[in-house]
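J.: Quick one, fold the following:
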Amino acid sequence: MNEKEKCAQGLLYDANYDAELINERMACKDLCLEYNGLKNSDTEKRNQALKKILGKTKENICIEPSFWCDYGYNIEVGENFYANHNLVILDCAPVKFGDNVFIGPNCSFYTAGHPLDVKQRNAGLEYAHPITVGNNVWLGGNVVVLPGVTIGHNSVIGAGSIVTKDIPSNVVAVGNPCKVVKSLEEEQ
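T.: A predicted model of the protein is given here:
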């Protein structure tokens, strides 16, 4: 089994020294650099560049520069997707965003994690677990979402939160670690 296959299965894999993965990341970073250099007013070129980077997209999407990701092909975004400036997605595993997702500035989504064992970590090993964000989700500025997290439909994640565990649908959640503080079902 090669390193990419190990990664896809959520196993420890060599992310730092595997030539195939390094080359894929370099190619993706070049595409991100190209995207980040485009004029904001050139929406057609920006959309074309995003479709080259991302694995699967709907039609109405906007990601403000700067935007960085590791591979791109593991990212799926739904319709009416908006991300403000400085979005980072470490997409070693799939990252799926539903429809009508709004992301504030300086947000990060990390599928990659590192072992606690120092020898494994120093050998360049890591693991990756998918992230899923449901439909109609709003994430405030400076939110960090960690490996393996699912955020349910219609939820709001408060600015500055670090999401370490799954968040159910129809709630407001905030903090470090991010916790549910309010149900939105009562208001509907």
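J.: So what's the residue count around the nearest residue to Pro177 once chain neighbours are set aside?
T.: Nearest non-adjacent residue to Pro177, counting by C-beta to C-beta, 6 or more residues apart in numbering: Thr164, 4.4 Å away. Any C-beta I mention is one placed from the backbone N, CA and C, and that applies to glycine too. Thr164 is flanked by 16 other residues according to other C-beta atoms under 10 Å.
J.: how about the longest helix along the chain: buried residues?
T.: Across the chain, the longest stretch assigned as helix under DSSP state H is helix 19-36. Buried residues in helix 19-36, counted by 16 or more other C-beta atoms under 10 Å: 21, 24-25, 28, 31-32, 35.
J.: So, low pLDDT: which residues of this protein?
T.: For the chain, the stretches flagged by pLDDT under 70 are 186-188.
J.: which stretches of it form helices?
T.: Counting by DSSP H, the helices of the chain are 3-8, 19-36, 43-53, 118-122.
J.: how about the closest residue to Gly124 other than its chain neighbours, phi and psi?
T.: Closest residue in space to Gly124, ignoring its immediate chain neighbours: Asn16 at 3.1 Å, by C-beta to C-beta, 6+ apart. When quoted as degrees, to the nearest 10, the phi and psi of Asn16 stand at phi -90, psi -30.
J.: do the same with Gly160
T.: According to degrees, to the nearest 10, Gly160 has phi 80, psi 0.
J.: which residues does the closest residue to it other than its chain neighbours contact?
T.: The shortest distance from Gly160 to any residue other than its chain neighbours is 4.9 Å, reached at Asn142 (C-beta to C-beta, 6+ apart). Taking C-beta atoms under 8 Å, 6 or more residues apart in numbering, we find Asn142 in contact with 104-107, 159-160.
J.: one more time with 10 Å, if that's ok
T.: 86, 104-108, 158-162 (C-beta atoms under 10 Å, 6 or more residues apart in numbering).
J.: Turn those residues into TSV, columns for neighbour count.
T.: Listed next are the contacts of Asn142 as TSV, based on neighbours: other C-beta atoms under 10 Å:
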residue	neighbour count
Asn86	17
Gly104	21
Pro105	15
Asn106	17
Cys107	23
Ser108	17
Gly158	19
Ala159	14
Gly160	16
Ser161	24
Ile162	15
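J.: between those, which is nearest Val172?
T.: Nearest to Val172 among the contacts of Asn142, counting by C-beta to C-beta, is Gly158 at 6.8 Å.
J.: show me what contacts that closest one?
T.: 104, 138-143, 172-175, 178, 181-182.
J.: If we use 8 Å, what do you get?
T.: Counted by C-beta under 8 Å, 6+ apart, Gly158 has contacts 140, 143, 172-175, 178, 181.
J.: thinking again about what came up before, how much space between the residue nearest to Gly160 and Ser161?
T.: Distance, Asn142 to Ser161, using C-beta to C-beta, to the nearest Å: 8 Å.
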